[in-house]
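Undergrad: Here is my input, please return the structure:
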Amino acid sequence: MSHGIQIIYEDSNIMIINKPIKMLSHREDRNQLPNVLSELKHPQYHVITRLDTNTTGLLLLAKTSESASQLSKWMRAGTIHKTYLALAVGYFSNPEDTVEAYLLKDSENSIVRLSHTPLEGADKIVTKYKVLQEKNQLSLVEIELITGKTHQIRSHFALLKKPLLGDPLYGNKKMNQLHHQTVQCLISYKLSFDTFENSSSLDYLFGKEFVLKKIPFIDIIEKK
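TA: Next up is the predicted model:
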């Protein structure tokens, strides 16, 4: 373990870790925070499933160029599934839904802008969610990204007027202060592999599922 990194699974081809908050998935010249590859002391590894700096959870790494190429194909084909848990502010009228929006990246201000209708230069995003629990004006939500764009979950739930608790960019400041949360309550807690049509040396991953049992913010919604 390095700098809070927990190794969940490892073999000769891949590594799956639990990335802590305040850690970059990739090295960034303008950001001096620690990054996964440097902390693991394996700069030659490839990050396959990226997470925001302050989003924790399962991160998939390829240890070789060959495995990176195969995993990238699976990602593009939708064979690798990432499932998230989040605490959202408020209650949902639909307990389960697949929602769409249009996302425009504002790189200069390090944020994204969303609209329910198409925008010039914007990408269409699709987010699937299911409410698992409601309490204390909070909703515990399971989320699957049909598309995967920068800040997609955080910005999409803000557009739905159900921002993630603790989110400093898109969140509800009053609720964040009430619950003493300064980073988004969001975790990539499940990683699973479907069968891919072309066989490869990574076929042993087909049908495998990795799940984090400890959810760091679960006690917030369970308080009386």
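Undergrad: What score does N31 have for pLDDT?
TA: For N31, the model assigns a pLDDT of 75.
Undergrad: Give me the nearest residue to it, chain neighbours excluded.
TA: Of all residues not flanking N31 in the chain, L24 sits nearest, at 6.3 Å (Cβ to Cβ, 6 or more residues apart in numbering). Yep, even glycine has a C-beta here, placed from its N, CA and C like the rest.
Undergrad: and that neighbour, how many residues sit next to it?
TA: Residues lying near L24 (other Cβ atoms under 10 Å) number 21.
Undergrad: Then L164?
TA: L164 has 29 nearby residues by other Cβ under 10 Å.
Undergrad: From Q137, how far off is the closest residue to it other than its chain neighbours?
TA: What sits nearest to L164 in space, not counting adjacent residues and going by Cβ to Cβ, 6+ apart, is Q184, at 4.5 Å. Note on Q184: its distance to Q137, by Cβ to Cβ, to the nearest Å, is 17 Å.
Undergrad: Neighbour count: the two, which is higher?
TA: Q184 (28 against 13).
Undergrad: Secondary structure class of V126, three-state.
TA: On the three-state scheme (DSSP: H, G, I helix; E, B strand; the rest coil), V126 is labelled strand.
Undergrad: Find the nearest non-adjacent residue to it, please.
TA: In space, V126 is closest to I146, 3.7 Å off (Cβ to Cβ, 6+ apart).
Undergrad: mind listing what the one you found touches?
TA: Residues counted as contacts of I146 (Cβ atoms under 8 Å, 6 or more residues apart in numbering) are 98, 126-128.
Undergrad: Show me how to select, in PyMOL, the buried members of those.
TA: In PyMOL syntax, the buried subset of the contacts of I146 is picked out as below (16 or more other Cβ atoms under 10 Å):
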select buried, resi 126+127
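Undergrad: could you pull out the strands for the chain?
TA: When secondary structure is read from DSSP state E, the chain shows strands at 6-10, 14-19, 46-47, 56-62, 80-89, 96-106, 111-115, 123-135, 138-145, 186-193, 209-211.
Undergrad: Output the contacting helices and strands for the fourth one.
TA: Based on contacts counted as 3 or more Cβ pairs under 8 Å, 6 or more residues apart in numbering; DSSP states H and E, the elements that strand 56-62 packs against are strand 14-19, helix 36-40, strand 46-47, helix 65-77, strand 80-89, strand 186-193.
Undergrad: for those, which one sits closest to I220?
TA: strand 80-89 (6.2 Å; Cβ to Cβ).
Undergrad: Show me which residues of that closest one are buried.
TA: Those buried within strand 80-89 under the rule 16+ other Cβ under 10 Å are 80, 82-89.
Undergrad: Can I get those in CSV including pLDDT and distance to N18?
TA: CSV is the format used below for the buried residues of strand 80-89 (pLDDT from 0 to 100; distance: Cβ to Cβ, whole Å):
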residue, pLDDT, distance to N18
I80, 95, 17
K82, 95, 13
T83, 98, 14
Y84, 98, 14
L85, 98, 13
A86, 98, 16
L87, 98, 18
A88, 98, 22
V89, 98, 25
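Undergrad: can you list the residues you listed in TSV and add distance to S199?
TA: What follows is the buried residues of strand 80-89, written out as TSV (distance: Cβ to Cβ, whole Å):
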residue	distance to S199
I80	16
K82	23
T83	26
Y84	30
L85	33
A86	36
L87	41
A88	40
V89	46
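Undergrad: Farthest pair within those?
TA: Most distant of these, by Cβ to Cβ, are I80 and V89, 29.7 Å apart.
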